[in-house]
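**Q** Quick one, what's the 3D model for this:
(one chain, ligands or ions: 1)
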Amino acid sequence: MKTWQSWMIGLARSPGLARWMQANRATAALARRFVGGLTVEDGIETAKRLWQAGFKASLYYLGEYVADPALIAETVRQKKLAVMLLKDARLQVHLSVDPTQIGYGYDDALGERNALEIGRSIQQSSGDAPVLMLDMEDAGYVTRTLALRDRLAAEGIPVGQTLQASLKRTVDDVAAIIAGGGSVRLVKGAFADPRPHAFQSRDAIDENYLALARMMLSADAKARGFRPVFGTHDDALIAEIRQVADTGGWESGQYEFEMLYGVRTELQRQLREQGEQVRLYLPFGRDWWPYAVRRVGENPRNAVLLARALLSG
Ligand SMILES: Cc1cc2nc3c(=O)[nH]c(=O)nc-3n(C[C@H](O)[C@H](O)[C@H](O)COP(=O)(O)OP(=O)(O)OC[C@H]3O[C@@H](n4cnc5c(N)ncnc54)[C@H](O)[C@@H]3O)c2cc1C
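**A** Just a heads-up that it's a prediction; the model follows:
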């Protein structure tokens with residue numbers, strides 16, 4: 001019998017269904033729930049609205065594992081357009097980038113050139129330039145992504161790195177970035193990986209997440225100007241992290257929590273009201289169906305949103 005997760009994966013990967021849903025006005029409610037808009041202008045408008053409500057944003061142009069050179073070029077264009085349009089916005093935005101959407105799924109040299117091009121557009125943008133936040137994809141890309149981070153940092157480009165608590169190597173990767181006074185966005189990890197380099201149980205991943213969070217909130221990290229970002233919706237972990245931060249004398253604003261736009265909105269609001277800095281991962285673009293279906297799949301309680309979209313489609 002098919003499981004809920006395998007149904008969701010099937011729905012997310014069906015190109016025909018994606019085309020149909022994305023072209024259909026009736027499915028707009030599902031898109032609105034998880035996506036900031038279809039164009040970069042829409043995404044920035046949503047980021048402004050969030051800023052007024054007390055949230056920062058990480059803008060993300062949708063599309064991952066892109067192997068078509070024309071689509072890669074369009075993705076780079078969209079990222080640079082976002083940098084240009086954000087120039088005077090004063091929203092303290094992060095610009096999230098998946099290495100495989102700018103060339104790493106096609107040719108590493110092209111991917112690096114594109115990342116440098118986006119990074120330089122950030123450097124040239126006077127005013128409130130965004131931080132380039134590198135997302136982390138499956139284990140095959142980790143070493144290459146970290147090499148890219150080092151290259152961007154060496155060029156003086158403001159760069160943050162997402163690292164996954166599910167991987168055993170992450171303890172060393174976090175230590176190296178702390179030593180250089182950089183920035184890490186710590187997530188649990190979205191890629192199930194049965195090999196020995198990954199923790200297998202949810203408890204082991206959560207335990208590692210907390211151990212890494214303690215490193216990121218250490219006195220040494222603080223002295224080096226390291227900037228911790230905790231990308232999670234796990235309220236138990238968040239409560240423990242807040243306690244560690246408080247004990248270590250970290251002030252709100254010296255570290256952040258980041259959650260996905262449309263996910264656990266009540267928790268987002270509560271944290272904000274309690275004085276925490278909360279950033280929301282805000283995707284935009286026409287290719288929203290696979291992303292939205294994955295969000296639905298993470299919690300069966302979202303099924304009603306999907307059912308409405310499918311029935312109205
Ligand atoms: C800002 C951000 C950036 C990310 N970037 C990456 C990345 O670059 N690479 C990567 O591998 N992974 C990334 N992820 C995904 C991450 O690795 C996890 O897969 C995902 O965040 C779920 O883990 P969790 O920490 O929220 O904990 P969980 O234990 O999965 O969830 C905690 C609680 O939140 C609820 N919840 C979680 N998701 C939903 C949802 N969609 N709808 C309703 N409730 C939900 C759960 O039901 C549970 O109660 C990112 C996540 C965030 C928030």
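**Q** lowest confidence element among the helices and strands of this protein?
**A** One helix or strand of the chain scores below all others by mean pLDDT, DSSP states H and E: helix 4-13, with a mean of 70.
**Q** three-state assignment of the nearest residue to Asp173 once chain neighbours are set aside?
**A** Nearest residue to Asp173, sequence neighbours excluded (Cβ to Cβ, 6 or more residues apart in numbering): Leu163, at 5.5 Å. Where C-beta positions appear, they are placed from N, C-alpha and C, glycine not excepted. Secondary structure for Leu163, judged by DSSP: H, G, I helix; E, B strand; the rest coil, is strand.
**Q** What confidence value was assigned to Leu163?
**A** Note on Leu163: pLDDT of 98.
**Q** Could you measure from it over to Glu207?
**A** Using Cβ to Cβ, to the nearest Å, Leu163 is found at 16 Å from Glu207.
**Q** How about Lys56: what's its closest non-neighbour residue?
**A** Excluding the flanking residues, the one nearest Lys56 by Cβ to Cβ, 6+ apart is Arg279, at 4.3 Å.
**Q** what's the helix or strand for that neighbour?
**A** strand 278-284 (DSSP states H and E).
**Q** what residues are up against Tyr106?
**A** Contacts for Tyr106 (Cβ atoms under 8 Å, 6 or more residues apart in numbering) come out as Val66, Ala67, Pro69, Ile72.
**Q** In PyMOL, select just the buried ones from those.
**A** The buried residues among the contacts of Tyr106 can be selected in PyMOL (16 or more other Cβ atoms under 10 Å) with this line:
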select buried, resi 66+72
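**Q** I'd like to know which of the contacts of Tyr106 is nearest to Arg33.
**A** Taking Cβ to Cβ as the measure, Arg33 lies nearest Val66 of these, at 24.3 Å.
**Q** Could you verify that the closest one is part of a strand?
**A** No - checked against three-state DSSP, Val66 lies outside a strand; its state is coil.
**Q** Go ahead and confirm it touches Thr100.
**A** Yes - the criterion here is Cβ atoms under 8 Å, and Val66 meets it with Thr100 at 6.4 Å.
**Q** Where does the prediction get shaky in the stretch 1-150 of the chain?
**A** Where the stretch 1-150 of the chain drops to pLDDT under 70, the residues are 1-2, 4-9, 23, 25-26.
**Q** Can you tell me which residues in it are near the ligand?
**A** Proximity of the stretch 1-150 of the chain to the ligand, by Cβ under 6 Å from any ligand atom, involves residues Asp135, Met136.
**Q** where exactly do the helices run in the stretch 1-150 of the chain?
**A** Using DSSP state H, counting those that start in this stretch, the helices of the stretch 1-150 of the chain run over residues 4-13, 15-22, 28-34, 40-52, 69-86, 108-124, 142-154.
**Q** Including distance to Tyr291, could the ones you listed go into JSON lines?
**A** JSON lines is the format used below for the helices of the stretch 1-150 of the chain (distance: least, Cβ to Cβ, whole Å):
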{"stretch": "helix 4-13", "distance to Tyr291": "8"}
{"stretch": "helix 15-22", "distance to Tyr291": "10"}
{"stretch": "helix 28-34", "distance to Tyr291": "7"}
{"stretch": "helix 40-52", "distance to Tyr291": "13"}
{"stretch": "helix 69-86", "distance to Tyr291": "14"}
{"stretch": "helix 108-124", "distance to Tyr291": "20"}
{"stretch": "helix 142-154", "distance to Tyr291": "20"}
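**Q** Would you list the phi and psi of Ala89?
**A** With angles defined as degrees, to the nearest 10, Ala89 sits at phi -80, psi -30.
**Q** where's it relative to the ligand, distance?
**A** Going from Ala89 to the ligand by Cβ to the nearest ligand atom, to the nearest Å gives 20 Å.
**Q** can you pull out the strands in the stretch 101-250 of the chain?
**A** 131-134, 159-164, 183-187, 227-231 (DSSP state E, counting those that start in this stretch).
**Q** Same list (those) but as TSV, adding mean neighbour count.
**A** Listed next are those as TSV, based on neighbours: other Cβ atoms under 10 Å:
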stretch	mean neighbour count
strand 131-134	22
strand 159-164	25
strand 183-187	24
strand 227-231	23
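**Q** number of nearby residues for Trp51?
**A** 16 (other Cβ atoms under 10 Å).
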